[in-house]
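J.: fold the stuff below for me.
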Amino acid sequence: MRPTIVVLIAMAIALIVFGGVAYAQEHQPPKTVLYKVERELQTGRLGSYCWFAPSSAGQCVDVAELRYPAVDSVRAGSTLHVRILKPQRPEEFSISAYRKIDEGGFPAGRTRRLGTSLRRVVEDGQTVAWDVFFRVNEPGRHYYLDAFGVWEGAGDASWNLHVKTRG
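T.: Just a heads-up that it's a prediction; the model follows:
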């Protein structure tokens, strides 16, 4: 009888620990990855967000210092896409581009909202992620990208990405 109780307690603890990890990962902003065709360029750097769990008040985080990833070089006119690793379709998703950043790492100058199109990523008949396609057309310029998404019932989040075009 004693070994059975020990096994049951160990199983209960494992369920709590591993269930908590899965729950915590589900209730935070999704990871984003920038691609050119099928080549992964960089992981988006999570910025400010407000994210909610169904049974809690949620969490809002404001980033005091923006950090853009190291630059990746792509050909002018390239079509890139941000893969959002969340099966739920975002209500909104936008990408804004800046030419430069200031000494504090914040975007400087005028912004331009890039045209985007959204497509689901399906594996084994299930939606597993969403791809947001956009183009970087101007040769020889930096694109400091701010991506922003909103999900019904979950929250909103922003990510920073960085590419430079070549002729």
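J.: what is the burial count for the nearest residue to residue 31 once chain neighbours are set aside?
T.: Once flanking residues are discounted, residue 31 sits nearest to residue 85: 4.6 Å by C-beta to C-beta, 6 or more residues apart in numbering. (Glycine included, C-beta is placed from N, CA and C.) Using other C-beta atoms under 10 Å, residue 85 has 13 other residues around it.
J.: okay, residue 85: pLDDT?
T.: Model confidence at residue 85, given as pLDDT, is 98.
J.: now swap in residue 161 and tell me
T.: pLDDT for residue 161: 98.
J.: show me the beta-bridge partners of the residue lying closest to it once chain neighbours are set aside.
T.: Spatial nearest neighbour of residue 161, chain neighbours left out: residue 145 (4.1 Å); criterion: C-beta to C-beta, 6+ apart. As for beta bridges, residue 145 partners with residue 97, residue 161 under DSSP bridges.
J.: ok, back up a step: what about the residue nearest to residue 31, distance to residue 44?
T.: 10 Å (C-beta to C-beta, to the nearest Å).
J.: mutual contacts of these two, please.
T.: The contact sets of residue 85 and residue 44 overlap at 31, 32, 33 (C-beta atoms under 8 Å, 6 or more residues apart in numbering).
J.: any low-confidence regions in this protein?
T.: By pLDDT under 70, the low-scoring segments of the chain are 1-26.
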